[in-house]
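Enquirer: Structure, please.
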Amino acid sequence: MNNLKSNKYPFKRKKFYRKRNKYHQQSKVYASIDLGTTNCRLLIATETENKSFLIKEAYSKITRLGEGVISTGLLADRTMKKTISVLKTCARKISYYKPVKMRFVATEACRRASNSRAFVEQVKKETGIDFEIISFEEECRLGVSGCLPLFRNNTKYALVFDIGGGSTEISFAKIESEKVKLASAISIPYGVVTVSEAFTGKGLSYTGYRAVADKIKSYLVDFDKQNNISELIKNDEVQVIAMSGTVTTIGAFHLKLPVYSRRAVDGLTLSVDELMIAKRYLEKMTYQEKFDHPCIGPQRADLTLPGCAILQGICEMWPFAKVTIADRGLREGLILDLIANNKGKADEC
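Expert: You can find the predicted model right below:
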């Protein structure tokens, strides 16, 4: 299992780190990192009495590690260097809370790139962070687990989709006796970064938009039939949960937030009409307006329209009436998994 070696840190520890470590030994501390195509996300939390967790620190940074992978099959030197710089910050934050149980995972960009193993070794050498490249099935399982606090008490089935940077993962889960079983999952090779790169420029034409939405639907036809999802949705037996920066931005627009707030958006339930109104507002914004908007910014301005096209295909595929927006997922699932199974290794002071 992954471990963060204390002698690997590229910095000197200060005395107050030691004092803080002694304090944190009073409760179990866990850390997870989700390294995706677009973002690097760190979560540090302590276990609570009900097998849940209390967040001590959350950190997220856009690195766009997977930029260019679709055309070259390789992680670029520039994005790898930027990602390693961000991971050094993660290592410092983790050391502040040691000892911890931890698990660090990489997803689609590293699954695709032929030089990802070498990159993972370089990360370990420079930061001490030891990544495992997980399958999309494991990614889906952990993503569903991370959304557990958002499930309604009467939920029989859950359809969870995550519009990522390099791919879109869709999970179908059964809830029995308060336990969640991942019944089926699919990974579609369309994400906001891959679509943005396939359709060059700072926008997406109507033709391109429709092509993406239709392609998403085509991937979902067999998945839908195999799991009888449309029929279950019509019978109001399925809770739909949406993860991704695209959907959380739409939630922020619905609430008319001047600045993004995770507390306001996470767990927000919208009707499809409300979702579509906010989505259309986002779609009509110019690139410069997105660039300047505090809920989007320069690093994501070119990714929102591809995300909307993917979301459009999902919404056209399934006749759900409501969707719950989740500003949570894989990294939270990792923490819950560590708590439930006592996985991971404790770093030594």
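Enquirer: how near is the spatially closest residue to residue 189 that is not a sequence neighbour to residue 322?
Expert: In this structure, residue 189 finds its nearest non-sequential neighbour in residue 167, 5.4 Å apart by C-beta to C-beta, 6 or more residues apart in numbering. C-beta here means a position set from N, CA and C on the backbone, and glycine is covered the same way. According to C-beta to C-beta, to the nearest Å, residue 167 and residue 322 sit 25 Å apart.
Enquirer: What residues does the residue nearest to residue 189 make contact with?
Expert: Residues in contact with residue 167 (C-beta atoms under 8 Å, 6 or more residues apart in numbering) are 37, 108, 136, 187, 188, 189, 190, 191, 194.
Enquirer: try it again with 10 Å
Expert: Shown in contact with residue 167 (C-beta atoms under 10 Å, 6 or more residues apart in numbering): 36-37, 66, 107-109, 111-112, 136, 139, 186-191, 193-194, 310.
Enquirer: Among those residues, which ones are in helices?
Expert: 108, 109, 111, 112, 136, 139, 193, 194, 310 (DSSP state H).
Enquirer: Which one (most neighbours) among those?
Expert: Neighbour counts for the ones in helices among the contacts of residue 167 were taken using other C-beta atoms under 10 Å; the highest belongs to residue 109, with 32 neighbours.
Enquirer: Which parts of the stretch 151-300 of the chain are helices?
Expert: Taking DSSP state H, counting those that start in this stretch to define them, one finds helices in the stretch 151-300 of the chain at 192-198, 206-227, 229-234, 245-254, 262-265, 272-284, 287-292.
Enquirer: Of those, which is nearest residue 92?
Expert: Among the helices of the stretch 151-300 of the chain, the nearest to residue 92 by C-beta to C-beta is helix 262-265 (22.5 Å).
Enquirer: What residues of that closest one count as buried?
Expert: residue 265 (16 or more other C-beta atoms under 10 Å).
Enquirer: Also stretch 189-201?
Expert: Neighbour counts over stretch 189-201 (16+ other C-beta under 10 Å) mark 190, 191, 192, 193, 194, 195, 196, 197, 199 as buried.
Enquirer: now the helices of the stretch 151-300 of the chain as TSV including distance to residue 45 and mean pLDDT?
Expert: Formatted as TSV, these follow (distance: least, C-beta to C-beta, whole Å; pLDDT from 0 to 100):
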stretch	distance to residue 45	mean pLDDT
helix 192-198	27	90
helix 206-227	32	95
helix 229-234	32	96
helix 245-254	20	95
helix 262-265	15	94
helix 272-284	30	94
helix 287-292	32	93
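Enquirer: Residue 294: neighbouring residues, count only.
Expert: Close neighbours of residue 294, defined as other C-beta under 10 Å, add up to 10.
Enquirer: Let me fix that, I meant to ask about residue 280.
Expert: Neighbour count of residue 280, defined by other C-beta under 10 Å: 12.
Enquirer: got the contact list for it?
Expert: 250, 253, 308.
Enquirer: So the last one sits against residue 204, correct?
Expert: Yes - contact status for residue 308 versus residue 204: in contact at 8.4 Å, counting by C-beta atoms under 10 Å.
Enquirer: just to revisit the earlier point, make CSV out of the helices of the stretch 151-300 of the chain and add distance to residue 174.
Expert: Listed next are the helices of the stretch 151-300 of the chain as CSV, based on distance: least, C-beta to C-beta, whole Å:
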stretch, distance to residue 174
helix 192-198, 29
helix 206-227, 10
helix 229-234, 10
helix 245-254, 23
helix 262-265, 27
helix 272-284, 23
helix 287-292, 38
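Enquirer: now, which of the ones in helices among the contacts of residue 167 sits nearest residue 244?
Expert: residue 310 (8.5 Å).
Enquirer: Name the nearest residue to the closest one, sequence neighbours excluded.
Expert: Residue 310 sits nearest to residue 163 (C-beta to C-beta, 6+ apart), 5.1 Å away.
Enquirer: wait, that neighbour sits on residue 194?
Expert: No - judged on C-beta under 10 Å, residue 163 makes no contact with residue 194 at a distance of 11.1 Å.
Enquirer: which residues do these two both contact?
Expert: The contact sets of residue 163 and residue 194 overlap at residue 306 (C-beta under 10 Å, 6+ apart).
Enquirer: in stretch 89-101, what counts as buried?
Expert: Under the neighbour-count criterion of 16+ other C-beta under 10 Å, stretch 89-101 has 90, 91, 93, 94, 95, 96, 97, 98, 99, 100, 101 buried.
Enquirer: Paired strands for the strand or helix carrying residue 325, with orientation please.
Expert: Assigned by DSSP states H and E, residue 325 belongs to strand 322-326. Applying DSSP bridges, strand 322-326 is found paired with strand 238-243 (parallel), strand 269-271 (antiparallel).
Enquirer: Compute the inter-axis angle for it and helix 245-254.
Expert: 110 degrees (axes from the mean of the first three to the mean of the last three C-alpha atoms, to 10 degrees).
Enquirer: Show me what secondary structure element comes after strand 322-326.
Expert: Scanning onward from strand 322-326 (DSSP H and E), the first element met is helix 330-341.
Enquirer: which helices and strands does that next one pack with?
Expert: Contacts defined by 3 or more C-beta pairs under 10 Å, 6 or more residues apart in numbering; DSSP states H and E place helix 330-341 against strand 29-35, strand 39-47, strand 53-62, strand 101-106, helix 136-146.
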